[in-house]
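Peer 1: Kindly return the folded structure for what I paste below:
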Amino acid sequence: MNWSEIFGLSVSPVELVVRGTVMYLFLFAVFRLAIKRRIGAVGMADLLVLVIIADAAQNGMAGEYRTVTEGIILLSTIIAWEVLIDFLAFRFRRVERLLLPPPLLLIDRGRILWRNLRQEFVSELELRAKLREQGVTDPAEVDKAYMEPDGAVSVIKRETSSSSR
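Peer 2: Numbers count the residues shown, from 1 in each chain. Got it, this is the predicted structure:
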């Protein structure tokens, strides 16, 4: 076994960091701006796109690397960017607002806001399914329903007036 072929470097570590950085930031922008958020689920088409993008990006990031060490440098670069961006979004409000969309109101006082559903390509069937998951059968029972930045739907039910005895 040739240990230098497994752990040696055939590509400059700086080149790997630059390639990893450029591809990470490009893919981050694509996913944040173009793909946006989905309604709390990953579908088959989403997985297919992710696999195809990963395969296409691999060559752009890696070039001709052949060793484990080079793979570790590349993955460490990608993970470092992810941690840095999360930290910046946590630490700085402006970065958070830039990177995370605000909650989107879907139902207001029992009324479905069709324009907001269309904005995120959410069908009425999808919305009703998310309401049922939270024990709501009719949108009229909802005071507010929001699509959160992660695609989940949060529901605030209307308070029912209970008769006192």
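Peer 1: Now do Leu48, the pLDDT please.
Peer 2: You'll see Leu48 listed with a pLDDT of 63.
Peer 1: Start from the N-terminal end of this protein and give the strands.
Peer 2: Using DSSP state E, the strands of the chain run over 104-108, 111-112, 142-147, 153-157.
Peer 1: Just want the angle from the first one to strand 153-157.
Peer 2: Inter-element angle recorded for strand 104-108 and strand 153-157: 30 degrees (by axes from the mean of the first three to the mean of the last three C-alpha atoms, to 10 degrees).
Peer 1: how's the protein carved up into domains?
Peer 2: What automatic domain parsing lists as the domains of the chain is 3-99, 104-157.
Peer 1: mind putting those in TSV, mean neighbour count included?
Peer 2: Backbone N, C-alpha and C define where each C-beta goes, glycine included. Below are the domains of the chain laid out as TSV (neighbours: other C-beta atoms under 10 Å):
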stretch	mean neighbour count
domain 3-99	14
domain 104-157	15
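Peer 1: Go through those domains and find the least confident stretch.
Peer 2: Ranked by mean pLDDT, those end with domain 3-99 at the bottom, a mean of 77.
Peer 1: so Leu27 touches Gln58, yeah?
Peer 2: No - counting by C-beta atoms under 8 Å, Leu27 does not reach Gln58; the two are 11.2 Å apart.
Peer 1: No more questions from me, cheers.
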